[in-house]
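1. can't give you the sequence, but here's the structure:
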């Protein structure tokens with residue numbers, strides 16, 4: 001059959017394959033050696049940030065006109081996937097930089113883009129995303145953070161919770177209510193800077209996994225910002241937030257894909273070295289079947305994630321469904337595969353001397369953040385392909 005098929009549109013190109021080699025080498029040489037310590041000490045992976053910035057891989061999605069690499073959605077997925085393969089905490093650097101800045105790219109004025117994308121592209125600043133609140137998680141439209149107009153300024157008050165890289169990032173996309181009567185259509189988006197008076201942060205959350213990525217509350221106490229820091233028109237913030245998630249859920253799928261691949265790679269090596277009953281346990285059919293199932297699920301997740309990345313790049317009408325499907329499926333696979341990897345290592349897999357228990361703990365969050373997988377199924381059901 002002649003002509004392009006949908007498959008041609010998301011198959012990685014030679015450039016994508018070369019990018020993968022570069023990122024994998026960087027991840028293995030500069031990031032992997034620190035992954036266990038980052039987890040054990042629950043500290044920010046500064047070595048990873050330095051390595052990613054030095055190679056312009058910290059925010060590859062930023063368009064070229066603002067000083068970025070202008071990478072497409074699939075290239076961004078590959079970067080996140082390969083970093084997550086060795087350290088999920090570190091993969092949140094490129095992932096959250098995209099999450100935090102995409103509202104500005106999608107809906108911001110040209111002035112906002114020029115002001116904030118340049119420092120992000122250079123590695124001088126990171127960007128976080130402030131949507132969730134103590135009483136507004138899955139029901140994000142129920143947020144209480146308020147923004148009140150005061151002349152040429154907006155004054156923000158409220159609390160944001162579960163904010164990834166809070167305290168490290170310089171810039172924050174903040175969703176706040178500007179018209180309480182309109183619910184989701186009364187929410188607007190703003191850029192808040194770390195140095196703005198009235199911005200402060202809570203203590204880092206003590207988490208099961210991704211311990212190297214600080215998660216904190218962000219407190220907004222009479223934060224007064226210029227009116228031109230609003231992203232898009234008043235009342236469009238929630239729509240921008242949801243449109244952003246359509247694209248960035250695919251980066252969570254990439255994280256899940258990466259950690260699953262890392263767990264499989266480690267388990268494959270282990271079962272060839274570990275001997276019982278006089279031969280490697282990898283020779284036993286029961287173990288081979290486990291590895292085959294793990295690899296099969298990962299490949300299915302990869303195909304779904306890459307297809308969703310292509311749809312993100314094209315802005316296809318079914319992106320909402322595909323992004324939710326990729327995130328949901330890949331994260332469920334990540335949890336299954338990392339759990340199986342721990343099983344394959346037996347007692348050793350349950351100890352911190354081996355990386356698979358960290359991978360299993362890190363994988364769990366991919367089923368929860370940027371919309372729980374229960375919410376993803378709601379999103380899919382409401383956006384079934386026609």
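-> Yes, it's here. What you are looking at is a predicted structure, and each value in this text was computed from that prediction instead of being measured.
2. can you pull the pLDDT of the residue lying closest to residue 100 once chain neighbours are set aside?
-> Spatial nearest neighbour of residue 100, chain neighbours left out: residue 127 (3.2 Å); criterion: C-beta to C-beta, 6 or more residues apart in numbering. Yep, even glycine has a C-beta here, placed from its N, CA and C like the rest. Model confidence at residue 127, expressed as pLDDT, equals 98.
3. wait, residue 127 sits on residue 96?
-> Yes. In this structure residue 127 lies within contact range of residue 96 using C-beta atoms under 8 Å: 7.2 Å.
4. got the contact list for the residue minimising distance to the centre of the chain?
-> What sits nearest the mean C-alpha location of the chain, by C-alpha atoms, centre = their mean, is residue 95, with 3.9 Å. When contacts are counted by C-beta atoms under 8 Å, 6 or more residues apart in numbering, residue 95 is found next to 80, 248, 251, 252, 254, 255.
5. please redo it, this time with the cut-off set to 6 Å
-> 80, 251 (C-beta atoms under 6 Å, 6 or more residues apart in numbering).
6. that's a helix at residue 223, yeah?
-> No. Going by DSSP: H, G, I helix; E, B strand; the rest coil, the assignment for residue 223 is strand, not a helix.
7. about what we covered before: roughly how far apart are the residue nearest to residue 100 and residue 166?
-> Distance from residue 127 to residue 166, counting by C-beta to C-beta, to the nearest Å: 11 Å.
8. coming back round to it: what about the residue nearest to residue 100, neighbour count?
-> Counted with other C-beta atoms under 10 Å, the neighbours of residue 127 add up to 26.
9. What does it show for phi and psi?
-> Dihedral pair for residue 127: phi -130, psi 130, per degrees, to the nearest 10.
10. Wait, it touches residue 97, no?
-> Yes. With contact defined as C-beta atoms under 6 Å, residue 127 reaches residue 97; the gap is 5.3 Å.
11. which other helices and strands contact the helix or strand where residue 190 lies?
-> Taking DSSP states H and E as the definition, residue 190 sits inside strand 187-193. Helices and strands touching strand 187-193, by 3 or more C-beta pairs under 6 Å, 6 or more residues apart in numbering; DSSP states H and E, are strand 171-177, strand 230-231, helix 237-273.
12. Now residue 217. Nearest residue, chain neighbours left out?
-> Leaving aside its sequence neighbours, residue 217 is closest to residue 202 (3.5 Å, by C-beta to C-beta, 6+ apart).
13. Residue 366 too?
-> Spatially, and ignoring its direct neighbours in sequence, residue 366 is nearest to residue 331 (3.8 Å; C-beta to C-beta, 6+ apart).
14. Wait, that neighbour touches residue 367, no?
-> Yes. Under the criterion of C-beta under 6 Å, residue 331 makes contact with residue 367 at 4.5 Å.
15. Compare those two and say which one has the larger neighbour count.
-> A side-by-side neighbour count of residue 331 and residue 367, using other C-beta under 10 Å, places residue 331 first with 30 against 20.
16. separation between the more buried one and residue 264?
-> As for residue 331, its distance to residue 264 is 15 Å (criterion: C-beta to C-beta).
17. With residue 72 instead?
-> Residue 72 sits 26 Å away from residue 264, taking C-beta to C-beta as the criterion.
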